[in-house]
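**Student:** sequence and predicted structure are below.
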Amino acid sequence: MISTDDLTPHCTNWAGNLRYSAPQPDSPRTLDELREIVRGSNKLRALGSRHSFNTIADSNARQVSLAHFDSIEIDAAARTVTVGAGVRYGTLAPALHAAGFALPNLASLPHITVAGAVATATHGSGVGNGSLATSVSALELVVADGSIVRLSRADNAAEFPGAVVALGSLGIVTRVTLDIVPRFDIAQTVYRDLAMDQLEHNLEAILSAGYSVSLFTNWQSDTRPGGRIAQVWIKDRIAGDAQYAAQNASPLPDFYGAKPATENMHPIEGNAAGNCTPQLGVRGPWHQRLPHFRMEFTPSNGAELQTEYFVPRDRGYPAIRAVQSLSDRIAPLLLVTELRAVAADDLWLSPAYQRDSLAIHFTWKPMQPEVGALLPRIEEKLAPFAARPHWGKLFTISPAQLAALYPRLADFRALARRYDPDGKFRNEFVECNLFSR
């Protein structure tokens, strides 16, 4: 018997803008229980930490939660960690740190599951950092007939880049193996009031100013005719005590005209900074600085919607200006926009596939009809830049346009049909966006 008594019903996603169609998900405790569920289902979708804003995880038939798949196995010799599909980054990171290791990068919030972040190519930031999916070296999944398939970068080189970012449409991922590195420290400094004009000739230098850099704007001009970046968050990597005697980083007095903040900041100006990771150049462990938000608090604003588009980084500045032309339409609906770099990868469905990218992220007020009406206008402005959307966030780009944006989509369809010939793991979102012709 599959137990669900100890789980809160998953009726909505975390933001509350979506009510799932399926009843409370099954929650198997063992691999054999999961295999039984898969074999006995005609349609099935996996549900992670519910940090998606669209119907990517929805099902009008059956959902399964992997919350009980919470193992963490560190292989120090191989420099890998294998985690169950229910493990969140906020649980994994302290365990890795205690063992002397780290992940190369983290997302803005540690509340999401590793498996869910990987499936959608969710990312952190940094010109040298790819999406979180680029750390994956192996996957284990239960496919349509209930059998277990293991794929690895080393043994399945031809199809592995198609299997990592799969939007849950190959099978139910049960375990993920990640590459790890020696642990390191980060010092985080925030600068305020950067003229947006500085991005025209200095965008790459600004995005390269730290291990991870984020720019926050509300697209308003304030006192600057060309607009402003309200906050620049720079996360500097610090290698070790022998090389760095000071415990804290000394901020530059002037960063392209921006001045260092004198108190901890929240990306959404006016919000209390208590749920954000420490700043002011105070050195700390990687997992307590790379995310913007702390695990023990509500991330970001809580009541919000999100959208994100990836454009080629070498065309980042004109893309930014294209969005800014809609500032009067955007501002009434917006909480904040974040701009950050993501390195190119070879994962077929990754928004950063084969191109270094600038991610343009919108955190919206919970006004879905109004946001939904505005998104086509933003997408029209970004169409000349071949903007790819984040799979787990709100977008209206058509399936035909998506097909043109992903050169390996036909190969992915063939891969999915091989592992799931009857479409057991496809829902309306996947059918529409990946398999429409």
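**Tutor:** Received, thanks.
**Student:** can you give me the helices in the stretch 151-300 of the chain?
**Tutor:** 160-163, 199-207 (DSSP state H, counting those that start in this stretch).
**Student:** got the ones you listed as JSON lines, with distance to residue 56, mean neighbour count and mean pLDDT columns?
**Tutor:** C-beta here means a position set from N, CA and C on the backbone, and glycine is covered the same way. Shown next, in JSON lines, are these (distance: least, Cβ to Cβ, whole Å; neighbours: other Cβ atoms under 10 Å; pLDDT from 0 to 100):
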{"stretch": "helix 160-163", "distance to residue 56": "17", "mean neighbour count": "22", "mean pLDDT": "98"}
{"stretch": "helix 199-207", "distance to residue 56": "28", "mean neighbour count": "17", "mean pLDDT": "98"}
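**Student:** output the ones you listed as CSV; include the columns distance to residue 284.
**Tutor:** Listed next are the helices of the stretch 151-300 of the chain as CSV, based on distance: least, Cβ to Cβ, whole Å:
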stretch, distance to residue 284
helix 160-163, 34
helix 199-207, 22
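**Student:** beta partners for residue 185?
**Tutor:** Beta-bridge pairing of residue 185 under DSSP bridges involves residue 238, residue 285.
**Student:** which pLDDT value belongs to it?
**Tutor:** pLDDT, residue 185: 94.
**Student:** count of neighbours near it?
**Tutor:** 20 (other Cβ atoms under 10 Å).
**Student:** give me the below-cutoff pLDDT ranges for the stretch 251-400 of the chain.
**Tutor:** Residues of the stretch 251-400 of the chain meeting the criterion pLDDT under 70: 297-302.
**Student:** can you show me the strands along it?
**Tutor:** Taking DSSP state E, counting those that start in this stretch, the strands of the stretch 251-400 of the chain run over residues 259-260, 283-285, 305-312, 334-342, 357-364, 388-389.
**Student:** closest one to residue 140 among these?
**Tutor:** When the strands of the stretch 251-400 of the chain are compared by Cβ to Cβ, strand 334-342 sits nearest residue 140, at 26.3 Å.
**Student:** show me how far the closest one is from its chain's centre.
**Tutor:** Relative to the centre of its chain, strand 334-342 is centred 12 Å away, using Cα atoms, centre = their mean, to the nearest Å.
**Student:** direction included, what does it pair against?
**Tutor:** Short version: by DSSP bridges, strand 334-342 pairs with strand 212-217 (antiparallel), strand 357-364 (antiparallel).
**Student:** and of those, who's closest to residue 233?
**Tutor:** Across those, the minimum distance to residue 233, taken as Cβ to Cβ, is reached by strand 212-217, at 4.4 Å.
**Student:** touching the closest one from outside, list them.
**Tutor:** Strand 212-217 is contacted from outside by 105, 108, 124-126, 129, 186, 194, 196, 206-207, 227-235, 267, 290, 292, 336-341, using Cβ atoms under 8 Å, 6 or more residues apart in numbering.
**Student:** now list the buried members of these.
**Tutor:** Among the contacts of strand 212-217, the ones that count as buried by 16 or more other Cβ atoms under 10 Å are 105, 108, 124-126, 129, 186, 194, 196, 206-207, 227-235, 267, 290, 292, 336-341.
**Student:** in stretch 146-162, which residues are buried?
**Tutor:** Buried residues in stretch 146-162 (16+ other Cβ under 10 Å): 146, 151, 156, 159, 160, 161, 162.
**Student:** what about residue 304, neighbour count?
**Tutor:** Neighbours of residue 304 (other Cβ under 10 Å): 21.
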